[in-house]
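fold the following, please.
(chains A and B)
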Amino acid sequence: MVEGASRITCPAMRMSRLFLRTLRDDPSDAEVESHKLLVRAGYIRKVAAGIYSWLPLGYRVLRKVEQIVREEMDAAGAQEVLLPQIQPLELWAQTGRDQAYGPLMFKLQDRKESDFCLAPTAEEVVTALVAGELSSYRDLPVNLYQIGWKYRDELRPRFGLLRGREFLMKDGYSFDVDVDGLRANYQVMYDAYHRVFERCGLTFRPVVAQSGEIGGDVNHEFMAVAAVGEDDFVWCQACTYAANVEAATRAAVDRHDDGDLIAPVAPPGPAAGPSADGIPAMTPVRTPDAATIAAVAEQLGIDAGATLKCFAFSFVGGDLDGRLGLALVPGDRTVNEYALAVVVAPARAVPLDDDTFATRPDLPRGYIGPDHPDAALIIADPSVRDRASWVTGANRAEHHVRDAVLGRDFRVDEWAAVATVVTGDPCPRCGSPLRIDRGIEVGHTFQLGTKYSVALGAEYTDADGAQHPMVMGCYGIGVSRVVAAVTEEHHDEQGLKWPVGLAPFDVHLLVLAGKGDAAAIAAAAAEQLYLDLVAAGVDVLLDDREASPGVKFADADLIGVPVQVIVGAKGVGRGVVERKIRATGMRDELPLADAASVLSGARP
RNA sequence: CGGGGAGUAGCGCAGAGGUAGCGCACCUGCUUUGGGUGCAGGCGGUCGGGGGUUCAAAUCCCCCCUCCCCGACCA
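Here you go, the predicted model:
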């Protein structure tokens, strides 16, 4: 059989045979455009919350993304493997992540009642694999990746493919002899990620991030810029600085080579702040029912930025275990608890709970002030030096104070950037105004270090015969999430607008046949063009249905193949077909005689 | 898990004690053929599940399930 013949008979390429039903109405359970359109256009169907079937059109796109990822990973020197989706829970117990992940894992038992989970990720499996295979520095580095389904019983699956409980992920893992090797590998992956997301047509930004459950030091999230994104990130319009809001700083950052994310702001020097000259003595003021900054500001007729917020917490662990701590930020900002965690490490800062507030009348919720007698450590954001005096809590219910002056009425033990960044703050690198935008996290890269290799015994012998744990990195891409992120960026009221290279087909060929001799000629011309294109290796979707032109146009725009070619009786009579570029709406005419060669030349 | 909303035909919805309806889709016939043609006729429903009240329950009561939105997590 000729190779072309099998392509021609592929039923998915003729719409009359394609397993597809488009919908006129938005599905009632969809909220965001990517979800609505992917369902309406017949790409996916929901089976359960966060779990979807991929229909022929959708699966084609998913495989296109997968292929781009595969090509870039292979080009970057990573080797593709396939790890199990069912993993023994015992493996997870060795790193303690069975507890850390907890209810996020789908768990199951075999007939012997041994415990397993559905893979939420694969650090344990891959590390154990490498530990068993490699034992010499001569074997390293190695970089493995897989593209496989992952399972996380999310607290709240949402937005269709954007947060599924079952999702396709590319997860990669590098193993090096030392941190230098890791950094080199990390850079290679970081660069490869740029190429992947560029090829997918995404507007994205790599941002420095806090490391989550996965552990490790430096890591970057790749954010596809989108209003429906679930993450806020800060970025500089003048330089390349970009960070997750949790990791963002303003002012000057002393950036270490090993990538401290929350570096201290330039030290304030001994001076305690603005002069107290001319500021009247601190005076209490009654503020009933004003336990929030907004309420205080309204009652006193002042700006929220003129109030000083005192975030009270307990130290857990460390020298100050059990003592009270205060974090001070201007009232128009909030305390960045991630930044605070870094400041108090290795101790933890635990917010006061309801019980504590109930049993400690000296800690009136909403009325806590900075000169609290029990405060063992007072940490303040540098912006607390920006104002000569503050309205703040009086440590007495229903009372605040005016004219609290730094150095005169309250002290600060430690200065650190513990306030959240807001739009307009100066960039820590170049001082230009920062912006905050929302993004969809489509990728995440981590420098893990030795957490997993130590726990799972992934060690190698060096040239001197000494044993060392391998130094690991890990690299994820949400492949199915990319499909949704791309549709968020590339669509209009009519439907999807796939970038070339991701589209389920290269060309959508519409036959406007109807009846009569002219129509029969047009139908024959379209059929021939279809066969020529298929023979030339172009993925063509032929709309050979007996439907009215309006239906075909509407479906073509909804499905969003980049190039539409319209073969109608009128045009064929003049020896031309019409071409429409879906993304731009641009239309032109091609001579029927060489339409096939023009279109196959336009192939990606 | 807390707070809010919803489950009625494949999809989108109406119906609020008397045995179920509309639009789209689907089937048949005619019609139309460059932007979701028009007309006529048809198929399709354990009204999410279970229990209760009642002569009678989609409708009232109780329990459960599922789905969506807002919050704590992540690719």
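
skipping its backbone neighbours, what lies nearest the spatially most central residue of chain A in space?
Note on chain A: the residue nearest the mean C-alpha position is A:Glu441, at 0.7 Å, using Cα atoms, centre = their mean. Distances taken as Cβ to Cβ, 6 or more residues apart in numbering put A:Glu221 closest to A:Glu441, at 5.1 Å, once the chain neighbours are dropped. In short, each C-beta sits where N, CA and C put it, glycine included.

returning to that earlier point: could you look up the SS state of the residue nearest to the centre of chain A?
strand (DSSP: H, G, I helix; E, B strand; the rest coil).

thought A:His220 was touching it, still the case?
No - using Cβ atoms under 8 Å, A:Glu441 is not in contact with A:His220; the gap is 10.4 Å.

looking at chain A, which residue ends up farthest from its center?
Chain A, farthest from centre, Cα atoms, centre = their mean: A:Asp517 at 55.5 Å.

how close does that residue sit to A:Ser548?
Per Cβ to Cβ, to the nearest Å, A:Asp517 is found 20 Å from A:Ser548.

for A:Asp171, same thing?
47 Å.

can you check A:Phe159 too?
From A:Phe159 to A:Ser548 the distance is 34 Å (Cβ to Cβ).

return the helix or strand in chain A with minimum mean pLDDT.
Least confident helix or strand of chain A, by mean pLDDT, DSSP states H and E, is helix A:3-8 with a mean of 48.

all helices for the stretch 1-150 of chain A, in order.
With DSSP state H, counting those that start in this stretch as the definition, the stretch 1-150 of chain A shows helices at residue ranges A:3-8, A:33-40, A:56-75, A:89-93, A:97-101, A:123-133.

out of the ones you listed, deepest packed?
helix A:33-40 (a mean of 24; mean count of other Cβ atoms under 10 Å).

show me what the one helix or strand A:Glu589 maps to is in contact with.
For A:Glu589, the host element (DSSP states H and E) is strand A:587-591. For strand A:587-591, the external contacting residues (Cβ atoms under 8 Å, 6 or more residues apart in numbering) are A:565, A:571, A:575-581, A:598-599.

how about a cut-off of 7 Å?
The contact list for strand A:587-591 (Cβ atoms under 7 Å, 6 or more residues apart in numbering) reads A:575-580, A:598.

looking at the helices of the stretch 1-150 of chain A, spot the one closest to A:Asp362.
Closest of the helices of the stretch 1-150 of chain A to A:Asp362 is helix A:97-101, at 36.0 Å (criterion: Cβ to Cβ).

does that closest one come close to RNA strand B?
No - no part of helix A:97-101 sits close enough to RNA strand B to count as contact by Cβ under 7 Å from any atom of the strand; the gap is at least 7.8 Å.

before we move on, the earlier item: neighbour count winner among A:Asp171 and A:Ser548?
Neighbour count, other Cβ atoms under 10 Å: between A:Asp171 and A:Ser548, A:Asp171 has more, with 22 against 11.

can you classify that one as helix, strand or coil?
Under three-state DSSP, A:Asp171 comes out as strand.

pretty sure it contacts A:Gly478?
No - counting by Cβ atoms under 7 Å, A:Asp171 does not reach A:Gly478; the two are 10.0 Å apart.

you'd agree A:Val342 is in a strand?
No - using three-state DSSP, the assignment for A:Val342 is helix, not a strand.

what residues does the stretch 301-450 of chain A put near RNA strand B?
Near RNA strand B, when you scan the stretch 301-450 of chain A using Cβ under 7 Å from any atom of the strand, you find A:441-444.

same question but for the stretch 501-604 of chain A, I mixed them up
Residues of the stretch 501-604 of chain A lying near RNA strand B (Cβ under 7 Å from any atom of the strand): A:512-515, A:519, A:548-551, A:553-558, A:566, A:568-571, A:578, A:580.

now, of those residues, which are buried?
A:512-513, A:519, A:553-558, A:566, A:568-569, A:571, A:578, A:580 (16 or more other Cβ atoms under 10 Å).

between those residues, which is nearest A:Gly96?
Closest to A:Gly96, out of all of these and judged by Cβ to Cβ, is A:Leu558, at 48.3 Å.

in CSV: the residues of the stretch 301-450 of chain A next to RNA strand B, plus pLDDT and distance to A:Ala404.
CSV is the format used below for those (pLDDT from 0 to 100; distance: Cβ to Cβ, whole Å):
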residue, pLDDT, distance to A:Ala404
A:Glu441, 94, 41
A:Val442, 96, 46
A:Gly443, 96, 46
A:His444, 94, 42
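
max pairwise distance over those: which two?
A:Val442 and A:His444 (8.6 Å).

more neighbours: which of the two?
Neighbour count, other Cβ under 10 Å: between A:Val442 and A:His444, A:Val442 has more, with 27 against 22.

correct me if wrong: that one contacts A:Ser480.
No - assessed by Cβ under 7 Å, A:Val442 is found out of contact with A:Ser480, at 10.4 Å.

returning to that earlier point: quick check: the farthest pair among the contacts of strand A:587-591?
A:Gly575 and A:Lys580 (18.4 Å).

so how many other residues sit close to whichever residue of the stretch 251-400 of chain A sits closest to RNA strand B?
Per Cβ to the nearest atom of the strand, A:Glu337 is where the stretch 251-400 of chain A lies closest to RNA strand B, at 8.7 Å. A:Glu337: 15 surrounding residues under other Cβ under 10 Å.

and it, what's its pLDDT?
At A:Glu337, the pLDDT value in this model is 77.

excluding residues flanking it in the chain, which one is nearest it?
A:Ala349 (7.2 Å).

and for that neighbour, the neighbour number?
A:Ala349 - counted by other Cβ under 10 Å - has 23 other residues nearby.

identify the residues contacting it.
Going by Cβ under 7 Å, 6+ apart, the list of residues near A:Ala349 reads A:313, A:315, A:325, A:340-341.

partner strands of the one helix or strand it maps to, with direction?
Under the criterion of DSSP H and E, A:Ala349 resides in strand A:348-351. Note on strand A:348-351: by DSSP bridges, its sheet partners are strand A:308-316 (antiparallel).

for A:Leu162, phi and psi?
phi -70, psi -40 (degrees, to the nearest 10).

how about A:Arg205?
phi -150, psi 130.

list the buried ones in stretch A:522-533?
Buried-residue list, stretch A:522-533, by 16+ other Cβ under 10 Å: A:522-523, A:525-526, A:529-533.

so how far is A:Ser383 from A:Val343?
15 Å.

name the nearest residue to A:Arg60, sequence neighbours excluded.
A:Pro504 (3.8 Å).

name the SS class of the one you found, please.
coil.

ditto for A:Glu198
Applying three-state DSSP: A:Glu198 is helix.

ok, it - how many residues close by?
Residues near A:Glu198, counting by other Cβ under 10 Å: 13.

how much space between it and RNA strand B?
Taking Cβ to the nearest atom of the strand, to the nearest Å as the measure, A:Glu198 falls 16 Å from RNA strand B.

what's the distance between that residue and A:Ala75?
A:Glu198 is 14 Å from A:Ala75, by Cβ to Cβ.
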